[in-house]
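Chemist: Quick one, fold the following:
(2 chains)
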Number of protein chains: 2
Amino acid sequence: MFRHVVLFTWAEGTTEEQKATVKTELRRLTEIIPEIRAYTLGADAGVNPGNHEFAIVADFDNADDFLVYRDHPEHQAVIAKHIKPIVASRAAVQFTI
Amino acid sequence: MFRHVVLFTWAEGTTEEQKATVKTELRRLTEIIPEIRAYTLGADAGVNPGNHEFAIVADFDNADDFLVYRDHPEHQAVIAKHIKPIVASRAAVQFTI
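Modeler: Alright, predicted model coming up:
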C-alpha cells in the first residue's frame, strides 16, 4: 500500500465556506478516481497547539496509482480553483506501508 | 476514530542510523501503548519534490486515547532522545475520521 499525506495551513481571511468547499470537492474525487483505495480528510481537532489546519491521508495500491490521482485533471482542477487560492503552507509525504 | 498525522524534516547531517533508530523506537511503542489502534510510518518515497522526509500516521479510538500516546513517558523519551536532536521542522494535524 502507498500512503499519501498532506497537511495545509490556510491564508488569513479564509472563510469557513471556502474550507467546507475544499472538503466537498476533495471527497467528490473518490467517486471519480477509482485508484483511490481509502481517503480521509479533516480539519485539525484543536487538541495540540501549533498544528497545521487540515489533513488528507489517501491510500493507493502503489506509487503509480498515486500518480494517477496526483495528476488527474479533476484533482488538478480542485487544487487550482479551491486549494491554491487559500493555501498558506503545505507539507507532504508519500510512503509505503 | 481519531487520526494523528505528523511530518518531519531532518537536520542537515542526520545519519541513516539515526533515521533508522527513530523508526525502530517508534514501532516499539505499539507494543507498549495498547491505545494505539493502527500505526504506520515511513520515509518519503521521493516521488514528489519539496516533501517533508518522514511521516507517522497513528489511529486511536478517540482523542483521549491519542493523549495517552502523546503524553506516554516512553513516547516522550523517544521524542527527547531520538527525534528532537535531529528535527529541522515538524507539521502535525489530528482529525476525526
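
Chemist: what number of residues lie near the residue nearest to A:Thr21 when sequence neighbours are not counted?
Modeler: Using C-beta to C-beta, 6 or more residues apart in numbering or on different chains and skipping residues adjacent in sequence, the residue nearest A:Thr21 is A:His82, 5.5 Å away. C-beta coordinates here come from the backbone N, C-alpha and C atoms, glycine included. A total of 17 residues lie near A:His82 under the criterion other C-beta atoms under 10 Å in any protein chain shown.

Chemist: Run through the residues of chain A sitting next to chain B.
Modeler: By C-beta under 8 Å from any C-beta of the partner chain, the residues of chain A that approach chain B are A:2-3, A:5, A:7, A:40-45, A:47-48, A:50-55, A:57, A:63, A:66-67, A:70, A:91-97.

Chemist: Which ones among those lie within helices?
Modeler: Under the assignment DSSP state H, the residues of chain A next to chain B contribute A:63, A:66-67, A:70 to helices.

Chemist: now, among the residues you listed, which is nearest to chain B?
Modeler: Using C-beta to the nearest C-beta, A:Ala63 comes nearest to chain B of those, at 5.7 Å.

Chemist: The nearest residue to that closest one once chain neighbours are set aside and A:Glu25: what is the separation?
Modeler: In space, and not counting its chain neighbours, A:Ala63 is closest to A:Phe2: 5.2 Å by C-beta to C-beta, 6+ apart. As for A:Phe2, its distance to A:Glu25 is 23 Å (criterion: C-beta to C-beta, to the nearest Å).

Chemist: Surely A:Val78 touches A:Glu25?
Modeler: Yes: between A:Val78 and A:Glu25 a contact is recorded at 4.5 Å, counting by C-beta atoms under 8 Å.

Chemist: and the gap between the residue nearest to A:Thr21 and chain B?
Modeler: According to C-beta to the nearest C-beta, to the nearest Å, A:His82 stands 18 Å off from chain B.

Chemist: Which of the three states applies to that residue?
Modeler: helix (DSSP: H, G, I helix; E, B strand; the rest coil).

Chemist: so who does it touch?
Modeler: A:18, A:21-22, A:25 (C-beta atoms under 8 Å, 6 or more residues apart in numbering or on different chains).

Chemist: Quick check, pLDDT for it.
Modeler: pLDDT recorded at A:His82 is 98.

Chemist: just to revisit the earlier point, next, the contact list for the residue nearest to A:Ala63, please.
Modeler: A:59-63, A:65-66, A:94-97, B:45.
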